[in-house]
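Peer 1: Any chance you could fold what I've pasted below:
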Amino acid sequence: LSSLPLQILFYVNGIYYIFYFLATLAMIIYKSQVFSYPDDFLAPDLAVLFLMAVLEVPRLYLGCKGNLREEAAALGLSLGVTVGSVALALYLLAWQTYVLWAEVLLGALLLAAYALEAALKVTAIAAFV
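Peer 2: Numbering: from 1, shown residues only. Coordinates of the predicted model:
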């Protein structure tokens with residue numbers, strides 16, 4: 001009953017998130033050097049990015065484990081953590097101090113992957129129960 005498309009998406013999301021994290025970190029460093037980035041806002045933007053990275057590990061682990069072992073509880077926890085990751089991604093997409101065009105593109109792609117993954121998790125949970 002485990003979902004192959006969901007498992008593939010977990011793998012692709014893991015690789016994409018590494019790229020997303022490094023690109024966003026590089027853009028925050030770039031913005032802090034080129035623009036008059038207020039020091040009071042640099043730390044929260046970096047904290048959100050690192051918190052998102054910390055949440056990504058259990059999200060992917062619980063999702064993979066829940067899918068392969070056909071455990072609805074682990075997959076449900078992963079779905080809950082995904083909601084938190086979406087909120088942080090929305091912050092980086094819309095509410096950080098400066099938002100570059102490349103960040104909008106990367107963030108929109110990340111949110112689309114989260115949405116597809118969430119839909120597949122819901123169908124997998126329904127199949128397991």
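
Peer 1: For the rest of this, base every contact and every neighbour count on C-alpha atoms.
Peer 2: Noted.

Peer 1: any low-confidence regions in this structure?
Peer 2: Within the chain, no range satisfies pLDDT under 70.

Peer 1: in it, which residue is closest to the centre?
Peer 2: Ser85 (4.9 Å; Cα atoms, centre = their mean).

Peer 1: Which strands and helices lie in contact with whichever strand or helix holds that one?
Peer 2: Assessed by DSSP states H and E, Ser85 sits inside helix 72-90. Using 3 or more Cα pairs under 8 Å, 6 or more residues apart in numbering; DSSP states H and E, the elements in contact with helix 72-90 are helix 39-68, helix 101-128.

Peer 1: if you set the cut-off to 6 Å instead, what comes out?
Peer 2: Applying 3 or more Cα pairs under 6 Å, 6 or more residues apart in numbering; DSSP states H and E, we find helix 72-90 packed against helix 39-68.

Peer 1: Could you measure from the closest residue to Gln96 other than its chain neighbours over to Leu25?
Peer 2: The shortest distance from Gln96 to any non-neighbouring residue, by Cα to Cα, 6 or more residues apart in numbering, is to Asp45 (6.3 Å). Going from Asp45 to Leu25 by Cα to Cα, to the nearest Å gives 10 Å.

Peer 1: And these two? Which one has more around it.
Peer 2: Set side by side, Asp45 and Leu25 show unequal neighbour counts under other Cα atoms under 10 Å, the larger going to Asp45 at 20 against 16.

Peer 1: do you know how far that one is from Lys65?
Peer 2: Distance of Asp45 to Lys65, computed by Cα to Cα: 31 Å.

Peer 1: just Val86 next, same as before
Peer 2: Relative to Lys65, and taking Cα to Cα, Val86 is found at 21 Å.

Peer 1: try Tyr91
Peer 2: From Tyr91 across to Lys65, the span is 28 Å (Cα to Cα).

Peer 1: Locate the residue of this structure with the greatest distance from its centre.
Peer 2: Going by Cα atoms, centre = their mean, the residue of the chain most distant from its centre is Ser36, 27.7 Å out.

Peer 1: which phi and psi does that residue have?
Peer 2: phi -80, psi 80 (degrees, to the nearest 10).
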